[in-house]
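Participant: After the sequence you'll find the predicted model.
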Amino acid sequence: MAKLDVDMVKVGQVREATFFPNPHADSPFPLRATHLDGLRAPKVVLTDDARIQAGVPVMVRVEEVTKPKRDDRGIIRVAYARPAPFRLEGVWLDPMVARKLQVLLESGLNILLDGPQGCGKTTLVRAVCDQLGMRFVFFNCGAVIEATDFFATIQVRASESGAPVTDFVKTDVLEALEEARETPDERFLVFLDELNRCPESARNALMPALDATRRVFHPIENRFLAIPDNVQFVAAVNRGRAFSATFGLDAAQLDRFAPLQMGYLPPAEEVKLLRRRHPDLGRETIETLVAIADAVRGARELGQGLSVRATEEACLYLAHPLMEGGGERMIAEVLKSSFCGRFDGRWDDVTSDAGAVWALVERVLRDRRES
Ligand SMILES: Nc1ncnc2c1ncn2[C@@H]1O[C@H](COP(=O)(O)OP(=O)(O)OP(=O)(O)O)[C@@H](O)[C@H]1O
Ligand SMILES: [Mg+2]
């Protein structure tokens, strides 16, 4: 591994480092790093800055380099400068959305991710948790019928005598809220997926958890549970067609979140992503699929977006030996199900959405043939 020269480390510089607890327990510096900007540091990097969290990459300012002439002595003392930029493995994120998301995550505000179906909302939040060392708590609101469903489910079982007994079982959300109180050093991200899908009344009951009240009713212990500061809520909504349709959240509910809009990744990025995942499939084929998907996503008359799952599914088909050798005709056949099949109607019914998608498939294939 390359090593930084001590002359290159100057007071005032900002560099990236990841700290871990200092094994020398008697040191005045509780955190230690061995690398700066991914290069081996010429001296041990130490900090006593409480804003720095172990295990989380961070940008630090060099405050002092002691004993620069000695190889075996001296330290590089640093202080917190700002969070490290997101570097999300395998996930593309618009750079401005990335910055906003970073600010919001630092602020602790509730976040509402608003983006068309399959644009990577869930994937993104999971990756963010990995990078920031936060605990990811997934909850699908689509299955919620009443308010208590957020926190407990009722399960019926037979008792020893055979009579039915009902048990309350805590949901992952309730488990996380309780655990967060026990482990204040850990950060929890509660992901409320498809928040727009649960009934209005259930959503309303969640509101005190999301505003300054920050408490929820514990349905098993019949008491209020305060939500600790190390819990942050991120909700996702999916309003069919990108940003046009309404999504059911009323203004008061919406106001408790900082909204953040996401879109599909740009075609060039989607090609890169699919090529990484399907290295055996030719570039030409992937570019064609993405060009068609882009046309479908841009068609205003269609009532919904087209998930990246759809382009992935098409790649999966086309990479299979059973589908080999069909060229453009095979792409069209696959898209009858993978693209058209995700819309209302049938590919051969020109009056339906699926038929409109089919027309786009044929048009893009023709355009590419002619160009
Ligand atoms: N920007 C992206 N970067 C990397 N992968 C992506 C991206 N967008 C979509 N994908 C891929 O597309 C698939 C669907 O993504 P994901 O489930 O995160 O979407 P979503 O927005 O949560 O969808 P839904 O609205 O249906 O909940 C995943 O396989 C994911 O890897
Ligand atoms: Mg999702």
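Facilitator: It's in. Residues are numbered from 1 along each chain as shown. Ligands and ions are numbered 1, 2, ... in the order given.
Participant: The residue of the chain most remote from its centre and ligand 2: what is the separation?
Facilitator: Residue farthest from the centre of the chain, counting by CA atoms, centre = their mean, is Ser161 at 47.4 Å. With distances taken as CB to the ion, to the nearest Å, Ser161 is found 44 Å from ligand 2. Yep, even glycine has a C-beta here, placed from its N, CA and C like the rest.
Participant: Pretty sure that residue sits in a helix.
Facilitator: No - the assignment for Ser161 by DSSP: H, G, I helix; E, B strand; the rest coil gives coil, which leaves it out of any helix.
Participant: The residue in the chain positioned nearest to ligand 2: which element?
Facilitator: With CB to the ion as the measure, Thr122 is the residue of the chain nearest to ligand 2, at 3.3 Å. Assigned by DSSP states H and E, Thr122 belongs to helix 121-132.
Participant: Is that helix in proximity to ligand 1?
Facilitator: Yes - judged by CB under 6 Å from any ligand atom, helix 121-132 and ligand 1 are in contact via 121-123.
Participant: Residue numbers of the chain in contact with ligand 1?
Facilitator: Within the chain, the positions adjacent to ligand 1 are 90-92, 115, 117-123, 238, 265, 273, 307-309, 312 by CB under 6 Å from any ligand atom.
Participant: Pull out the buried members of those.
Facilitator: Buried by 16 or more other CB atoms under 10 Å: 91-92, 115, 117-123, 238, 265, 273, 307-308, 312, out of the residues of the chain next to ligand 1.
Participant: Least confident of the residues you listed?
Facilitator: Lowest pLDDT of these: Asn238, 80.
Participant: on that earlier part again, give me the subset of the residues of the chain next to ligand 1 that lies in helices.
Facilitator: Using DSSP state H, 121-123, 273, 308-309, 312 are the members of the residues of the chain next to ligand 1 that sit in helices.
Participant: gap between Pro116 and Ile220?
Facilitator: Counting by CB to CB, to the nearest Å, the gap from Pro116 to Ile220 is 37 Å.
Participant: higher neighbour count, these two?
Facilitator: Pro116 (22 against 13; other CB atoms under 10 Å).
Participant: So this protein: which segments form each domain?
Facilitator: Following automatic domain parsing, one finds the domains of the chain at 6-82, 95-261, 267-370.
Participant: Any buried residues in the one helix or strand Gln155 maps to, and which?
Facilitator: Using DSSP H and E, Gln155 falls within strand 152-158. For strand 152-158, burial by neighbour count (16+ other CB under 10 Å) applies to Ala152.
Participant: wait, isn't Ala356 in contact with Gln304?
Facilitator: No - counting by CB atoms under 8 Å, Ala356 sits too far from Gln304 to count as a contact (11.6 Å).
Participant: confidence score at Thr246?
Facilitator: At Thr246, the model reports a pLDDT of 57.
Participant: nope, Ala332 is what I was after
Facilitator: For Ala332, pLDDT reads 96.
Participant: List the contacts of it.
Facilitator: Each residue near Ala332 by CB atoms under 8 Å, 6 or more residues apart in numbering is listed here: 361-362, 365.
Participant: Any chance of JSON lines for those residues, columns neighbour count, secondary structure and pLDDT?
Facilitator: Converted to JSON lines, the contacts of Ala332 look like this (neighbours: other CB atoms under 10 Å; DSSP: H, G, I helix; E, B strand; the rest coil; pLDDT from 0 to 100):
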{"residue": "Val361", "neighbour count": "23", "secondary structure": "helix", "pLDDT": "97"}
{"residue": "Glu362", "neighbour count": "12", "secondary structure": "helix", "pLDDT": "97"}
{"residue": "Leu365", "neighbour count": "18", "secondary structure": "helix", "pLDDT": "96"}
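Participant: now the residue lying closest to Asp229 once chain neighbours are set aside: how far from Val190?
Facilitator: Distances taken as CB to CB, 6 or more residues apart in numbering put Gly108 closest to Asp229, at 6.7 Å, once the chain neighbours are dropped. Using CB to CB, Gly108 is found at 12 Å from Val190.
Participant: Now do the shared contacts for these two.
Facilitator: By CB under 8 Å, 6+ apart, the residues touching both Gly108 and Val190 are Gln232.
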